[in-house]
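Take this sequence and fold it.
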Amino acid sequence: MGHVEVAHLSHTLPNGRVLLDDVSFRVGDGVTAALVGPNGAGKTTLHRLISGDLVPQDGTVAHSGGLGVMRQFIGGLRDRSSVHELLLSVAPPRVRQAAGGVESAEWIMMEREDEPAQLRYANALAEWGDAGGYEIEVMWDACCVAALGVPYESCRWREVHTLSGGEQKRLVLEALLRGPDQVLLLDEPDNYLDVPGKVWLEERLRETSKTVLLISHDRELLARAAERIITVESAHVWIHGGGFATYARARRERIERLEELRRRWDEEHAKIKELVNTLKIKASVNDGFASRYQAAQTRLRKFEEAGPPLAPPRDQSLRMRLRGGRTGKRAVICEDLELTGLMTPFSTEVWYGERVAVLGSNGSGKSHFLRLLAHIADRLPRGAAPVEPVAHTGTARLGARVVPGLFAQTHARPDLAGRDACEIVMTEHALLRNDAMSALARYELQGSADQPFETLSGGQQARLQILLLELGGATLLLLDEPTDNLDLASAEALQEGLESYEGTVLSVTHDRWFARSFDRFLIFGSDGSVYESAEPVWTETRVERPR
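Next up, the predicted model:
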């Protein structure tokens with residue numbers, strides 16, 4: 001068993017913004033707690049402080065039982081990292097260190113096989129065994145079979161980038177949940193998982209005896225798995241001891257209490273100031289009031305030094321103005337289309353103005369399909385990243401005046417790396433700084449305008465991508481898991497924006513709530529079939545489609 005304890009933790013960003021202010025909480029043995037809050041409130045920074053990726057500026061972090069960490073974006077060790085390296089990255093420190101020793105000894109053995117090299121290799125293998133390396137390889141085998149359907153030895157050198165986002169997440173989750181670490185920090189663990197994968201995760205979180213602190217915006221997962229809700233907002237943290245079902249009411253009641261405390265403080269402040277002013281006038285004409293005047297001044301000074309109670313958090317106000325434009329009647333035409341090695345040929349048409357949800361299991365080709373549609377375009381919106389070709393047979397083409405805008409699932413935008421959010425909007429869309437700041441403000445990004453893209457939270461990166469699509473004038477939105485990193489207010493704003501959007505939308509999603517707002521459902525089955533359904537299909541079992 002293990003625990004996590006944060007005491008008086010504070011963190012200030014380089015631009016002077018106080019992100020976390022005197023944050024304290026404890027997650028006890030065997031508890032599953034969820035860390036929630038608006039995008040950019042500091043959840044991932046708090047996660048990194050607990051994991052040790054960042055050093056606290058003030059305050060302390062303590063934990064027991066070993067710490068297993070899933071970061072928000074995984075698989076990015078380096079471009080060609082392998083399954084073995086991915087699994088090793090979430091293994092206990094001693095196992096990682098022993099693996100490094102074995103690898104180093106093997107490189108020396110490749111250069112020479114003298115007695116010192118052989119002895120070094122033998123010692124490295126002994127340390128690997130003492131660290132539990134052979135036992136963990138048995139566990140990795142079970143993880144690979146569960147997540148990828150093949151044994152560890154068959155996939156250990158497979159490159160991670162060839163796995164879907166859901167396969168990467170499932171593999172890391174399997175390793176952490178089966179591993180020896182008794183405390184797990186999971187940043188958006190449900191992202192990229194298909195719905196059966198989300199249900200599996202919910203069940204495992206309910207069953208595990210480990211202590212879990214997770215970040216998620218998936219309301220169904222929170223309702224089914226979280227025993228405690230820890231909210232980060234306005235640089236502070238507060239804890240709801242119940243589950244997610246009663247969280248909304250608890251938050252409303254807390255805001256009402258804070259508003260009442262602030263009203264009483266303002267009233268008392270006004271009374272003391274009025275008393276000081278009254279005694280000042282009296283003391284000016286009667287020395288007998290001088291001591292009372294000085295006492296009132298001291299009282300006012302101490303009252304103001306103590307400061308007002310915590311201010312109620314401000315609700316977000318996002319305004320997404322997705323415009324689009326008129327295109328030909330047929331926006332997308334596919335005839336006997338087959339993405340090489342992923343599916344059997346299929347044909348479909350998407351008409352102007354339709355909202356089509358692309359559903360299916362991980363690895364079935366959904367993301368490849370969106371990237372193919374972006375690649376075949378005659379032109380892309382201003383500010384769009386170039387899209388690599390996708391191997392296929394058959395025909396896929398876009399209708400007249402269709403300009404596709406692609407939202408990348410993994411937020412992989414090397415073209416934006418190292419550039420501030422405001423500079424990106426100004427440069428890509430030829431806007432003056434004031435206009436760029438106004439656009440960022442509509443997406444609640446004005447406070448992060450001078451932050452480089454890669455330092456933004458996952459939700460902020462997602463909102464910035466959607467803003468670039470808005471400004472770019474895309475008439476066909478290709479959205480790959482757009483709500484994965486969005487907080488609730490942002491996801492609702494996106495749905496409202498799509499409802500008023502003049503154009504066509506294709507979206508890959510595993511968000512059960514978001515999917516209900518679509519008109520049509522294109523299902524990518526794990527057996528390689530592609531078919532339409534009148535309702536969302538989340539599991540492999542389905543009624544045979546008409547021929």
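
Would you indicate which residues of stretch 329-346 are buried?
330-332, 334, 337-339, 342-343, 346 (16 or more other C-beta atoms under 10 Å). (C-beta placed from N, C-alpha, C; glycine too.)

Check stretch 349-363 too.
350-363.

What of stretch 248-261?
250-251, 254, 258.

so which of these would you say is closest to residue 232?
Proximity of the buried residues of stretch 248-261 to residue 232 (C-beta to C-beta) peaks at residue 251, which lies at 12.5 Å.

I'd like to know which of the buried residues of stretch 349-363 are part of helices.
Among the buried residues of stretch 349-363, no member falls in helices (DSSP state H).

that older thread, with pLDDT as new columns, can the buried residues of stretch 248-261 be given to me in TSV?
Listed next are the buried residues of stretch 248-261 as TSV, based on pLDDT from 0 to 100:
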residue	pLDDT
250	93
251	89
254	92
258	92
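
Where helices are concerned, which of the residues you listed count?
Per DSSP H, those map to helices at 250-251, 254, 258.

So what does residue 394 have for phi and psi?
The phi and psi values for residue 394, taken as degrees, to the nearest 10, are phi 80, psi -160.

burial of it, as a residue count?
A total of 13 residues lie near residue 394 under the criterion other C-beta atoms under 10 Å.

ditto for residue 232
Neighbour tally, residue 232, other C-beta under 10 Å: 22.

Tell me the spacing between the closest residue to it other than its chain neighbours and residue 346.
What sits nearest to residue 232 in space, not counting adjacent residues and going by C-beta to C-beta, 6 or more residues apart in numbering, is residue 37, at 3.8 Å. Residue 37 sits 41 Å away from residue 346, going by C-beta to C-beta, to the nearest Å.

ok, now residue 33?
44 Å.

picking up where we left off before, quick one: which two of the buried residues of stretch 329-346 are the most distant?
Pairwise over the buried residues of stretch 329-346, using C-beta to C-beta, the maximum falls at 330 and 342, 24.0 Å.

Can you add distance to residue 513 and give the buried residues of stretch 349-363 back as a markdown table?
Output for the buried residues of stretch 349-363, formatted as a markdown table (distance: C-beta to C-beta, whole Å):
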| residue | distance to residue 513 |
| --- | --- |
| 350 | 23 |
| 351 | 25 |
| 352 | 26 |
| 353 | 22 |
| 354 | 20 |
| 355 | 15 |
| 356 | 17 |
| 357 | 12 |
| 358 | 16 |
| 359 | 14 |
| 360 | 18 |
| 361 | 19 |
| 362 | 19 |
| 363 | 23 |
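
Give me the phi and psi angles of residue 174.
According to degrees, to the nearest 10, residue 174 has phi -60, psi -50.

I misspoke; the intended subject was residue 538.
According to degrees, to the nearest 10, residue 538 has phi -110, psi -20.

cool, and residue 32?
According to degrees, to the nearest 10, residue 32 has phi -100, psi 110.

give the contact list for it.
205-206, 208, 211-212, 214, 225-228 (C-beta atoms under 8 Å, 6 or more residues apart in numbering).

Please list only the buried members of these.
Neighbour counting over the contacts of residue 32 (16+ other C-beta under 10 Å) leaves 205, 208, 211-212, 214, 225-228 as the buried ones.

Same list, those residues, but as TSV with secondary structure and distance to residue 441 please.
Output for the buried ones among the contacts of residue 32, formatted as TSV (DSSP: H, G, I helix; E, B strand; the rest coil; distance: C-beta to C-beta, whole Å):
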residue	secondary structure	distance to residue 441
205	helix	37
208	coil	42
211	strand	39
212	strand	36
214	strand	30
225	helix	35
226	coil	32
227	coil	37
228	strand	34
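
Quick check: the residue nearest to residue 232 touching residue 234?
No: look at residue 37 against residue 234 with C-beta atoms under 8 Å: they stay out of range, at 9.2 Å.

can you map out the helices along the stretch 201-350 of the chain?
219-225, 247-285, 290-306 (DSSP state H, counting those that start in this stretch).

Residue 498 is nearest to which of those helices?
Using C-beta to C-beta, the helices of the stretch 201-350 of the chain put helix 219-225 closest to residue 498, at 18.8 Å.

Any chance you could give me that closest one in PDB, C-alpha atoms only?
In PDB, the C-alpha atoms belonging to helix 219-225 read as follows (Å, rounded to 0.1, in the frame of the first residue of the first chain):
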ATOM      1  CA  ARG A 219     -17.400  12.300 -16.800                       C
ATOM      2  CA  GLU A 220     -18.500   8.700 -17.000                       C
ATOM      3  CA  LEU A 221     -15.000   7.400 -15.900                       C
ATOM      4  CA  LEU A 222     -15.000   9.900 -13.100                       C
ATOM      5  CA  ALA A 223     -18.500   8.800 -12.000                       C
ATOM      6  CA  ARG A 224     -17.600   5.100 -12.000                       C
ATOM      7  CA  ALA A 225     -14.100   5.100 -10.700                       C
END
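
Could you list every helix and strand in contact with that helix?
strand 32-36, helix 195-207, helix 512-515 (3 or more C-beta pairs under 8 Å, 6 or more residues apart in numbering; DSSP states H and E).

Try it again at 10 Å.
Helix 219-225 is packed against strand 32-36, helix 195-207, strand 211-215, helix 247-285, helix 512-515, with contacts defined by 3 or more C-beta pairs under 10 Å, 6 or more residues apart in numbering; DSSP states H and E.

how about the ones you listed in TSV, adding distance to residue 301?
Below are the helices and strands packed on helix 219-225 laid out as TSV (distance: least, C-beta to C-beta, whole Å):
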stretch	distance to residue 301
strand 32-36	38
helix 195-207	51
strand 211-215	41
helix 247-285	10
helix 512-515	52
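
Next up, the contacts around the nearest residue to residue 329 once chain neighbours are set aside.
Counting by C-beta to C-beta, 6+ apart, residue 352 is the residue found nearest to residue 329 once chain neighbours are left out, at 5.5 Å. By C-beta atoms under 10 Å, 6 or more residues apart in numbering, the residues touching residue 352 are 324, 326-332, 399-402, 475-476, 502-504.

Next step: these restricted to strands.
Residues of the contacts of residue 352 located in strands (DSSP state E): 330-332, 476, 504.

what's the closest of the buried residues of stretch 349-363 to residue 382?
residue 352 (21.6 Å).

can you map out the strands along the stretch 1-150 of the chain?
3-12, 18-27, 32-36, 58-64, 67-70 (DSSP state E, counting those that start in this stretch).

out of those strands, deepest packed?
Comparing these by mean neighbour count (mean count of other C-beta atoms under 10 Å), strand 32-36 ranks first with a mean of 24.

mind listing what that one pairs with, with the direction of each?
strand 211-215 (parallel), strand 228-233 (parallel) (DSSP bridges).

what angle do the first one and strand 3-12 make?
What it means is strand 211-215. Orientation check (axes from the mean of the first three to the mean of the last three C-alpha atoms, to 10 degrees): strand 211-215 against strand 3-12 gives 30 degrees.

Please find the angle between the direction vectors of strand 211-215 and strand 18-27.
Using the same axes, to 10 degrees: strand 211-215 against strand 18-27 is 150 degrees.

follow-up on the earlier one: what would the strands paired with strand 32-36 look like in CSV with mean pLDDT and distance to residue 454?
CSV is the format used below for these (pLDDT from 0 to 100; distance: least, C-beta to C-beta, whole Å):
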stretch, mean pLDDT, distance to residue 454
strand 211-215, 96, 18
strand 228-233, 93, 21
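
Many thanks, have a good one.
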